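Engineer: What follows is a predicted structure for the sequence shown.
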Amino acid sequence: MSELRFHWCSPLESGQKKASGQYDAGSLDFDGIVSFVKEAEEIGVDSLLMAISYHMPDPLPMLGALSHLTDRINLLLAYRPGLLSPTLFTQVINTVSWMSDNRVNLNLVAGISPMEQAYYGDFLDHDARYERADEFLEILHGLWENNGPLTYDGKHYRIENAQLGLGYKGGGRPRVYISGASGVAQQTAVRHGDCWLRYADTPEEIAKAAAPVLEQGTAVGLRMQVLARRTREDALAQVAEMMREPDEKHRKFIADFLATCDSEAVKNSFRLADSSGDDWLSPYLWSGAVAYRGGPALCIVGSYEEVADYILEYKAAGVSEFIFSGWPSREEMRIFYAHVLPLVRQREAEAAEAAEAETAQSGAAGAVN
C-alpha cells in the first residue's frame, strides 16, 4: 500500500483556538491566513482544505488569491452543489487550475442542515441534495472530458450546448472528494469521486464501512482532529486544559443547530460521543469536544508514538488520506509534521521492507519447490 496522504484544514475554518470555546467569527485576518498557508507549504502539507459554512468567509475568493500566493501546496476547495450552476462552477475551477498550475482539488459537500441551506435559498431535503449533487457531478465530468458542447436534461439541471473556451489545464480534472456517511453519499462517491471522505470512528468500524467503497475502487479518507504530545500524560493534560471553563452557551448553540441537521455524518458523530460515556471511544479516540465542535471534532490523542501507531491502524482498515486540524490549529500542525509524520513514514518504510523480504522469501521457496 502506498504512503498515506496528510492534508490540513485551513484557517478559513475558524474557532480552532480552544476545543470548548465559541467560534471566532465576524472578521477576516487575510494576512494571518496567508502566513498560515505559506508555513503549511514550507513544512510539507499535501493540501489545505478550505471549508465552507455560513459563519466563515467564502472559500472561492480565497482559492483564487492563495493560488497566486503559493507555489507548491494543493488547495482543496469545499463547495456545495446548488450555489452555482455546474457550467459556471466548472469555469471557475478551470480558471484556478491555470492560476495554480493544477494545484486545485474539489471536496463536494451536499449540505448538513436544511436551516443553513435555506439561508442560501435552497430547500431540498437530504436525499434530494445528493440527487442534485449526482447531476452536478455528471455535468462537471462531462465538461472536463470534453469542453463541449454538452446538453443535459435532468431533474435539477438543464443545460443546452454548454461549452467552455478554457478547459482544465493539461486536459485533466481535479481530484474529487465526496463527503458524507449515508449510503447515498457512498454511492455518489463511487460513481463520481476519487475519495469518499467521512468523519471518524474507531478503526474497526471504519474498516466495516470502507470495505464496499474500496471494493469498487474508490479511496477512503477521514476528516478529524489530532492532538499529539511528547508523552501521553502531556497530551491528556492538554485535553483537560482545553476543556477547562467550557462555553456552555456555545454548546447549547451547537445542540440547537444539531436539531435542524439532517446529515447522517454529523448525527452519527454525536451518537458516538453520547455513547462513549467517558468521552473515549477507544484509548486514543477522544469525543469530548464533539458537543462544542461537531462532527470533525473526534480526535486522536496520545504521545507521538501512540498517535503514529493509531494512524497506521486506520491505514490497515483501508484509509489512505487524512484531513487533520487541531487546537490551536497552527501549533498542532507544526507538532504533527515535526514529530508524528516522521514516525509514520518510518513505520511505513519498515512495513514495506518487511513485505519485500517476505515476497522474496516466498519466491525463493517456490523456486526450490
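Structural biologist: Nice, I can see it. Numbering: from 1, shown residues only.

Engineer: switch to C-alpha atoms for all contacts and neighbour counts from now on
Structural biologist: Will do.

Engineer: Please tell me the pLDDT value assigned to Glu264.
Structural biologist: At Glu264, the model reports a pLDDT of 85.

Engineer: Just list the residues touching the nearest residue to Ala78 once chain neighbours are set aside, thanks.
Structural biologist: Distances taken as CA to CA, 6 or more residues apart in numbering put Asn107 closest to Ala78, at 4.5 Å, once the chain neighbours are dropped. Applying CA atoms under 8 Å, 6 or more residues apart in numbering, we find Asn107 in contact with Leu76, Leu77, Ala78, Tyr79, Val176, Tyr177, Ile178, Ser179.

Engineer: Turn those into a markdown table, including neighbour count.
Structural biologist: Listed next are the contacts of Asn107 as a markdown table, based on neighbours: other CA atoms under 10 Å:
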| residue | neighbour count |
| --- | --- |
| Leu76 | 28 |
| Leu77 | 23 |
| Ala78 | 21 |
| Tyr79 | 22 |
| Val176 | 21 |
| Tyr177 | 25 |
| Ile178 | 27 |
| Ser179 | 26 |
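
Engineer: So which of these are in strands?
Structural biologist: Among the contacts of Asn107, DSSP state E puts Leu76, Leu77, Ala78, Tyr79, Val176, Tyr177, Ile178, Ser179 in strands.

Engineer: where's the fourth one relative to Leu236, distance?
Structural biologist: Spatial separation of Tyr79 from Leu236 under the definition CA to CA, to the nearest Å is 35 Å.

Engineer: can you give me the helices for the stretch 251-369 of the chain?
Structural biologist: 264-275, 290-293, 304-316, 329-335, 341-368 (DSSP state H, counting those that start in this stretch).

Engineer: Report the angle between the longest strand anywhere in the chain and helix 304-316.
Structural biologist: Taking DSSP E as the assignment, the strand of the chain that covers the most residues is strand 219-229. If you take axes from the mean of the first three to the mean of the last three CA atoms, to 10 degrees, strand 219-229 sits at 170 degrees to helix 304-316.

Engineer: Please identify the buried residues of strand 219-229?
Structural biologist: Neighbour counts using 16 or more other CA atoms under 10 Å place Ala219, Val220, Gly221, Leu222, Arg223, Met224, Gln225, Val226, Leu227, Ala228, Arg229 of strand 219-229 among the buried residues.

Engineer: Quick one: the residues you listed as a markdown table, columns for distance to Glu116 and pLDDT too.
Structural biologist: Formatted as a markdown table, the buried residues of strand 219-229 follow (distance: CA to CA, whole Å; pLDDT from 0 to 100):
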| residue | distance to Glu116 | pLDDT |
| --- | --- | --- |
| Ala219 | 29 | 98 |
| Val220 | 27 | 98 |
| Gly221 | 25 | 98 |
| Leu222 | 24 | 98 |
| Arg223 | 21 | 97 |
| Met224 | 22 | 96 |
| Gln225 | 24 | 96 |
| Val226 | 28 | 97 |
| Leu227 | 30 | 97 |
| Ala228 | 34 | 98 |
| Arg229 | 37 | 98 |
